[in-house]
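**Q** Sequence plus the predicted model coming up.
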Amino acid sequence: MPELRLTAEDVLPSAGASGTFLARVWMPGEGPTPALVTPDGVFSVFSVLPTVAHLLACDDPATALRRRANVRIASVAEVAENTACDRRDPTRPWLLAPADLQALKACGVTFVKSMLERVIENLAAGDPDLAVKTRAMIEAEAGQSLSEVIPGSAEAARVKDALTARGLWSPFMEVGIGPDAEIFTKAQPMSAVGTGEEVGVLPSSTWNNPEPEVVLVVSPSGRIVGATIGNDVNIRDLVGRSILLACRAKDNRASCAIGPCIRLFDDGFTLDDVRKMVLQMRIAGDDGFTLTDTHAMTDISRDVTELVTQAIGPHNQYPDGLLLFTGTSIAPAQDRDGPGKGFTHHVGDVVSIRTPLLGALVNRVNHTDRIAPWTFGASQLLNSVCARQRR
């Protein structure tokens, strides 16, 4: 397998390195520590804000983080280089996924391109060979008109009726252009992996792919206070067999990657920057295969504020806040293992998702049963915090 390597430039992005970046750092002999990442180093805020949940409860998380970061951990380069799982010295600090007690939620089918791919995998019943013919039929019937349809509108209802009459209706079409967004639990709190770790696909799967997404960071009150990068790993053949298998396809060991840091909103980074954000994805395999693609938030069908409103509010609360994946326009279909076979991961693939505003989330693909089990959950976090506060 290719060796994973991370640099300071992967953690602090090329544009906006002076922003407010929240990381979680594993401190050997202690435990997870929220930290401020700056060009001058990584600084702990554990003594006053022992968890990300404490920080998100602040009226102004960015100001609270900057004012209370008081203990230097190490340089950015030192922490970044030790974060890659292949090169890790367990006696030195490394980056974790920048979330702890938050709910990990996700929105599906928020981009037309992704919606069409979900419809395809559903109508093809998880068969990659049949997907080629189904994709051609969908494109011939639907064309590009769906990109202009506003979900929940009268026009959306007319489009749905027309596609249904052609036998092209799918549950994914309903949430793609209907009034209600698809919002589901992606993974359990504390289960996400960070940059430099392996991400998992089921060993039984023969059709799967990464899903590069912008992830919104939402406070307990429902305010969007920042953003990060996520990989919502997708098992396409499992979902294609039955929509009722979606939970098994989405929530597996190391199937949720987030990082490298959360960039909190401040004077230099706002929600409008998120709305205009572009992610660059690159997949590189041991077999020489490479794939690049671009995900632009300007193509989203629903505004991010609508997605948050449907996720949290009078109908549902998250006392520790939540991280909300906003969906992706990328659904790789490039042939890899032969003509008409489409794309699927190989063990050893390195997936890099990068944007100038947030840095890079870099992970290597492995089978779920070959990745170290998740053992540090909410009770372990609380025990760690209590033990350290008693010292």
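**A** Done, it's in. Numbering: from 1, shown residues only.

**Q** And the strands in the stretch 251-391 of the chain?
**A** Assigned by DSSP state E, counting those that start in this stretch, the stretch 251-391 of the chain shows strands spanning 256-264, 278-284, 290-296, 322-325, 350-355, 359-367.

**Q** Likewise for the stretch 1-150 of the chain?
**A** Along the stretch 1-150 of the chain, counting by DSSP E, counting those that start in this stretch, strands occupy 20-27, 31-38, 41-44, 71-74, 94-96, 103-108.

**Q** And the helices in the stretch 251-391 of the chain?
**A** 271-275, 304-311, 378-390 (DSSP state H, counting those that start in this stretch).

**Q** who touches the first one?
**A** Judged by CB atoms under 8 Å, 6 or more residues apart in numbering, the contacts made with helix 271-275 from elsewhere in the structure are 214, 216, 224, 227, 265, 297-298, 303-305, 357. For glycine as for every other residue, the C-beta is placed from the backbone atoms N, C-alpha and C.

**Q** Just the CA atoms of it, as CSV, please.
**A** The C-alpha trace of helix 271-275 is given here as CSV (Å, rounded to 0.1, in the frame of the first residue of the first chain):
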residue,chain,number,x,y,z
LEU,A,271,-21.5,31.3,5.3
ASP,A,272,-21.2,32.9,1.9
ASP,A,273,-17.7,31.4,1.6
VAL,A,274,-19.2,28.0,2.2
ARG,A,275,-21.8,28.6,-0.4
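
**Q** mind checking how far that helix is from the chain centre?
**A** Distance, stretch centre to chain centre, for helix 271-275: 17 Å (CA atoms, centre = their mean, to the nearest Å).

**Q** same check, this time on stretch 316-324
**A** 16 Å.

**Q** And it, end to end?
**A** Across stretch 316-324, the terminal residues are separated by 14 Å (CA to CA, to the nearest Å).

**Q** Backbone torsions only: list them for the residue nearest to the spatial centre of the chain.
**A** In the chain, the centroid-proximal residue (CA atoms, centre = their mean) is Gly230; its distance is 1.9 Å. Dihedral pair for Gly230: phi -140, psi 150, per degrees, to the nearest 10.

**Q** Looking at strand pairing, list the partners for it.
**A** Bridge pairing for Gly230 (DSSP bridges) gives the partners Glu213, Ile258.

**Q** when you give positions from now on, start the count at 511
**A** Okay, residue one is now 511; in that scheme the one you just asked about reads as Gly740.

**Q** residues contacting it?
**A** Contacts for Gly740 were tallied using CB under 8 Å, 6+ apart; they are 722-725, 766-768, 833, 835, 871.

**Q** What ranges does the stretch 511-660 of the chain have for its helices?
**A** Assigned by DSSP H, counting those that start in this stretch, the helices in the stretch 511-660 of the chain fall at 518-521, 562-566, 571-578, 586-591, 622-633, 638-652.

**Q** most packed of the strands of the stretch 511-660 of the chain?
**A** strand 604-606 (a mean of 27; mean count of other CB atoms under 10 Å).

**Q** What strands flank that strand, and is each parallel or antiparallel?
**A** Strand 604-606 pairs in its sheet with strand 530-537 (antiparallel), by DSSP bridges.

**Q** Check the offset of the strand it pairs with from the chain's centre.
**A** Per CA atoms, centre = their mean, the centroid offset for strand 530-537 relative to its chain is 17 Å.

**Q** what does stretch 806-813 give?
**A** Stretch 806-813 sits 16 Å away from the centroid of its parent chain (CA atoms, centre = their mean).

**Q** Test my guess that Thr601 contacts Pro538.
**A** Yes - here Thr601 reaches Pro538: they are 5.3 Å apart, a contact under CB atoms under 8 Å.

**Q** quick one, which of the two is more surrounded?
**A** Pro538 (11 against 8; other CB atoms under 10 Å).

**Q** Next, count neighbours for Leu566.
**A** For Leu566, the tally of surrounding residues (other CB under 10 Å) stands at 30.

**Q** what pLDDT does it get?
**A** In this prediction, Leu566 carries a pLDDT score of 97.

**Q** Find the nearest non-adjacent residue to it, please.
**A** Nearest residue to Leu566, sequence neighbours excluded (CB to CB, 6 or more residues apart in numbering): Gly831, at 4.0 Å.

**Q** didn't that neighbour look like it was pressed against His564?
**A** No - the pair Gly831 / His564 is not scored as a contact, 10.2 Å apart, by CB under 8 Å.

**Q** out of those two, which sits in the busier spot?
**A** A direct count of neighbours by other CB under 10 Å for Gly831 and His564 places Gly831 higher, at 26 against 19.

**Q** check contacts around the residue lying closest to Gln899 once chain neighbours are set aside.
**A** Distance criterion CB to CB, 6+ apart; nearest residue to Gln899, sequence neighbours excluded, is Pro560 at 7.0 Å. Taking CB under 8 Å, 6+ apart, we find Pro560 in contact with 544, 895, 898-899.

**Q** which of those has the most neighbours?
**A** Neighbour-wise, the contacts of Pro560 (other CB under 10 Å) top out at Pro544, 25 neighbours.

**Q** Any figure for the gap between that one and Asp610?
**A** Separation of Pro544 from Asp610 (CB to CB, to the nearest Å) stands at 8 Å.
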